[in-house]
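Peer 1: give me a model of this one.
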Amino acid sequence: NPPAWINATNWLTSENECTWNGVQCNDRDKVEGFSLEQNQLTGKIPMETVLLKDHLKTINMTSNLIYMEADDMQFFEHLTQVETILLDDNYIHSEEGVPTYLGACTDLKKLRMSYNLLEGQLDNTLFHQLSQLTHLEIESNFLTGSIPQSIGKLENLVYLYMRRNSLSFNLNFLKTGKLNNLFALWLDANDVKGTLPTELGAFSDLASLSITNSSNLTGTIPSELSELTDLRRLWLYNNALTGTIPQLLNRLTGLEVFEIHHNQISGPMPSTICSTVFYQQYIHKALSADCGVGGNVTCNTKDCCTKCYSPGDQITDSFQAP
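Peer 2: You can find the predicted model right below:
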């Protein structure tokens, strides 16, 4: 038998459904949302949800025990008013990447499907249809293939989380000139090829950038990153980056995290970066590089790098928050 819901207050009683736990209604007492995260839901989202198509805006069933195949989501073709779909940390299985039935949800702004069982390649047409997205979070799945160019054209996108998949791509999708509203960009633990594009310097709202654990990411750290004056957290460790640390990065006066260890970078850590990170109040502030014995980076002040790595040192993933 499936486990009981943690909170099922008023469900399937004679009480008005607007009083049921997790049900949200508009001012006309029409159901416009479900917020049932971490509630031990099992089974599938019922296809009868389509009966709410004229006013349903939000589906939040994060961290439950929902199991669905892609075809079980066909009813989403009728939920054209939905703006938020949060289904992280369930057992949603698809062999076509993000289920293409969601393409009918053309008002969709937030899509979160991290920590599921999504396989296969992402559909380029799907993200042309979802042109209003502000949040796209699909990390820790089993996705393959490249990142569709249509994702690089999502002008309203603020959060893009695609870490920990089996994707293989270069960063050309960042060169479209359309992603200027990005606040957080996390692409770690995929097969990222090529170099860091200089176009990243135009992402004026970017505060958090993480591209780590990819042995095919080469080239230098572009000095154009110094234009990201809102940048707070920058993770670039365990790649194959070369060259020196640009002195121009001393313009990043809000920098709280700068981790570049396990690369082929050499030369001094700019002293301004040392002092910038040192005086931040952020509890997880960090400045790490290959500045240990046998490393090629030098930290010339006592209170500079918070951790120095030597060749052969084990890599531990850092605490990350946007």
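
Peer 1: only C-alpha atoms from now on, for both contacts and neighbour counts.
Peer 2: Noted.

Peer 1: thought residue 176 was touching residue 152?
Peer 2: Yes - using C-alpha atoms under 8 Å, residue 176 is in contact with residue 152, at 6.1 Å.

Peer 1: neighbour count: those two, which is higher?
Peer 2: Using other C-alpha atoms under 10 Å, the more surrounded residue of residue 176 and residue 152 is residue 152, with 20 against 16.

Peer 1: doesn't the more buried one belong to a helix?
Peer 2: Yes - counting by DSSP: H, G, I helix; E, B strand; the rest coil, one finds residue 152 located in a helix.

Peer 1: ok, and the closest non-adjacent residue to it?
Peer 2: Of all residues not flanking residue 152 in the chain, residue 173 sits nearest, at 4.7 Å (C-alpha to C-alpha, 6 or more residues apart in numbering).

Peer 1: give me the distance between the one you found and residue 203.
Peer 2: Using C-alpha to C-alpha, to the nearest Å, residue 173 is found at 13 Å from residue 203.

Peer 1: looking at these two, which is more packed in?
Peer 2: More neighbours surround residue 203 than the other of residue 173 and residue 203, with 22 against 19 (other C-alpha under 10 Å).

Peer 1: quick one, what contacts the more buried one?
Peer 2: 179-182, 228 (C-alpha atoms under 8 Å, 6 or more residues apart in numbering).

Peer 1: kindly recompute the last result at 10 Å.
Peer 2: 174, 177-183, 225, 227-231 (C-alpha atoms under 10 Å, 6 or more residues apart in numbering).

Peer 1: dump the residues you listed to TSV, plus neighbour count, distance to residue 248 and secondary structure.
Peer 2: Putting the contacts of residue 203 into TSV (neighbours: other C-alpha atoms under 10 Å; distance: C-alpha to C-alpha, whole Å; DSSP: H, G, I helix; E, B strand; the rest coil) gives the following:
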residue	neighbour count	distance to residue 248	secondary structure
174	20	22	helix
177	14	23	coil
178	17	25	coil
179	24	23	coil
180	21	21	coil
181	17	23	coil
182	23	22	coil
183	20	21	coil
225	23	8	helix
227	17	9	helix
228	20	11	coil
229	19	11	coil
230	18	15	coil
231	24	13	coil
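
Peer 1: shouldn't residue 124 be in contact with residue 148?
Peer 2: Yes - taking C-alpha atoms under 10 Å as the definition, residue 124 is a contact partner of residue 148 at 5.0 Å.

Peer 1: when these two are compared, which one has more neighbours?
Peer 2: A count of neighbours by other C-alpha under 10 Å puts residue 148 above the other of residue 124 and residue 148, at 18 against 15.

Peer 1: from residue 170, how far out is that one?
Peer 2: From residue 148 to residue 170 the distance is 11 Å (C-alpha to C-alpha).
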